[in-house]
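Trainee: got a predicted structure plus its sequence, pasted below:
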Amino acid sequence: MNQSIKNTVITYFGFGIGAINALFLYTNFLGKSHYGMVAFLLSASNIMMPLMAFGVHNTLIRFYSKCETETERQQFLSFMLWKPLLLIVPVTLITYFFYDEIAFYILKENPTVEPFLWLIPIIGICMGYFEVYYAWVKVHMQSVFGNFISEVLVRIIVMVMLFGVHWNWLTKDAFIYGLVVAYFLQFLVMKAYAMSVKTPTLSFKLPHNSKEIFGYSFFIILSGSVAVLLMDFDKVMIPAYENIGSNALYSVAIFIATVIAVPSRAMLQIIYPITAKLMSENKHDELQDLYQKSAINLQVFGGLIMLGIFLNIKQIYHLIPEEYSGGIAVVFLIGLSKFYDVIQGNNNAIILNTKYYRWVLVFGLLLVVMMIGLNMIFIPMYGIVGAALATLISVIVYNTIKLWFVVKKMNLFPFTKNTLLSFGIIIVVFLLFYFWDFSFHPIVNILLKSILISIVYMYCNYRLAISAEINQVINNFLFRLK
């Protein structure tokens, strides 16, 4: 619980920096064209990340707890370090020798991005190895500093570079090249910290269960790619139908909506290894309890953030340059998809640690095909709103399938009567506050309205005892005040 709170604070701090970058610095210093390029390059790199990591970031968490001796743990950790090279080397060679063909196929509608295309695999490698070392510290239950590196470090470096563009220290093109430096530094700092937590004894001996590990890693590559495609593929597809500047508008709206998932990202950093441990020990009742607690707590926190965004969205867009307006519908559609993802609790961690995980991959691959088809239909019809609609439909279908799978195969269910009560509170608060605003400056408006929303929302949750853990935190706070 202590690490979850610290992770939440760090993640929100990182998102605060990211908000300044995405909503104000990118929009005012970089311009729509280069901002759109950045969104495309980072989304494409993120899609490549599961491949470059060879699924090690999840494989390490799943199998580390099964190592019975220190020698086995050392061999396993060493194996996890060099394993990604088995895919990094061939993918890099393919990219190098077929660069022009790949560039033409992907960017025929926006050829100005071609000089930067080679950055994608390099940033993808940095992202991949960062996740490997991040998983390294997670299995040693040391997620806080790693979360700081993940959520804060790159955003601070990007902020400095954006001011460099503003003060003419960097050109806009140099800023894009500088993204490689930012993600390489993130990887180096994460590696140094991981080595300080646990220094490995390098070994090239395969673990005794290497066949099972390779099979699981291939699954993670595919399933991880499915999850990332659901999150980022729209930003890769938009330039195929729209001007690259449309990606900038879409990215602003996406960033605003993504804040809803912050509590989930922070809490799941520590819940994932706990879930793996409970499942390896076959503690079904404790797992059911953790599943329901994670789902309702994330629903309460996610609901508050979603209301804060939806009920202030018009004022938020008053603070952004007018040329980036037009994304309110995208915020609502993506926001709903993020909220549906959040209320699943540690659903994904459960699936990844069952013997049935390969079945979910089949559904995921079918869903990717559906998502690509929906984007091809909706983007030409509705532009960036069409991309958001395709994402919402895809996420609802995908998460519903995963939920059904856990209920059917594991006899675990995340929802209780408090789930319905929480939905009722969210709907009532939304209807109370959506149709009016203060007649002040947008920042004052947002602050006052957010305070009122938070008081009403948390009071209703407290009185109805939606979450025992949240009520306990509030009671402890009130006791200290007295």
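Mentor: Noted; the coordinates are in hand. Residues are numbered from 1 along each chain as shown.
Trainee: so residue 23 touches residue 318, yeah?
Mentor: No - look at residue 23 against residue 318 with CB atoms under 8 Å: they stay out of range, at 11.5 Å. Where C-beta positions appear, they are placed from N, C-alpha and C, glycine not excepted.
Trainee: compare these two and say which is more crowded by neighbours.
Mentor: residue 23 (19 against 14; other CB atoms under 10 Å).
Trainee: could you check how far the more buried one is from residue 255?
Mentor: 7 Å (CB to CB, to the nearest Å).
Trainee: could I get the average pLDDT for stretch 337-354?
Mentor: The predicted model gives stretch 337-354 an average pLDDT of 82.
Trainee: same check, this time on stretch 462-472
Mentor: On average, stretch 462-472 scores 87.
Trainee: how much space between the closest residue in space to residue 465 that isn't next to it in sequence and residue 256?
Mentor: Once flanking residues are discounted, residue 465 sits nearest to residue 471: 5.8 Å by CB to CB, 6 or more residues apart in numbering. Look at residue 471 and residue 256: by CB to CB, they are 30 Å apart.
Trainee: tell me which of these two has more neighbours.
Mentor: Using other CB under 10 Å, the more surrounded residue of residue 471 and residue 256 is residue 256, with 25 against 15.
Trainee: give me phi/psi at that one?
Mentor: phi -60, psi -50 (degrees, to the nearest 10).
Trainee: am I right that it is in contact with residue 312?
Mentor: No - if you go by CB under 8 Å, residue 256 and residue 312 don't touch, sitting 9.7 Å apart.
Trainee: so which elements touch the host helix or strand of residue 470?
Mentor: Residue 470 is part of helix 468-481, with elements assigned from DSSP states H and E. If you count contacts as 3 or more CB pairs under 8 Å, 6 or more residues apart in numbering; DSSP states H and E, helix 468-481 packs onto helix 284-310, helix 442-463.
Trainee: with respect to burial, which of these scores highest?
Mentor: Sort the helices and strands packed on helix 468-481 by mean neighbour count, taking mean count of other CB atoms under 10 Å, and helix 284-310 sits at the top with a mean of 21.
Trainee: what's the nearest residue to residue 452 if we skip its chain neighbours?
Mentor: Nearest residue to residue 452, sequence neighbours excluded (CB to CB, 6+ apart): residue 433, at 7.2 Å.
Trainee: wait, the one you found sits on residue 455?
Mentor: No - in this structure, residue 433 is not within contact of residue 455 by CB under 8 Å, at 11.4 Å.
Trainee: ok, residue 142 touching residue 190?
Mentor: No - Residue 142 sits out of contact with residue 190 when judged by CB under 8 Å, with a separation of 11.8 Å.
Trainee: show me which of those two is the more surrounded one.
Mentor: Neighbours per residue, other CB under 10 Å: of residue 142 and residue 190, the larger number sits with residue 190, 24 against 17.
Trainee: can you pull the contacts of that one?
Mentor: Contacts for residue 190 (CB atoms under 8 Å, 6 or more residues apart in numbering) come out as 130, 133-134, 146, 149-150.
Trainee: okay, these in JSON lines with pLDDT, distance to residue 295 and neighbour count next?
Mentor: Listed next are these as JSON lines, based on pLDDT from 0 to 100; distance: CB to CB, whole Å; neighbours: other CB atoms under 10 Å:
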{"residue": "130", "pLDDT": "85", "distance to residue 295": "28", "neighbour count": "27"}
{"residue": "133", "pLDDT": "81", "distance to residue 295": "29", "neighbour count": "26"}
{"residue": "134", "pLDDT": "82", "distance to residue 295": "24", "neighbour count": "23"}
{"residue": "146", "pLDDT": "76", "distance to residue 295": "25", "neighbour count": "25"}
{"residue": "149", "pLDDT": "84", "distance to residue 295": "28", "neighbour count": "25"}
{"residue": "150", "pLDDT": "79", "distance to residue 295": "24", "neighbour count": "22"}
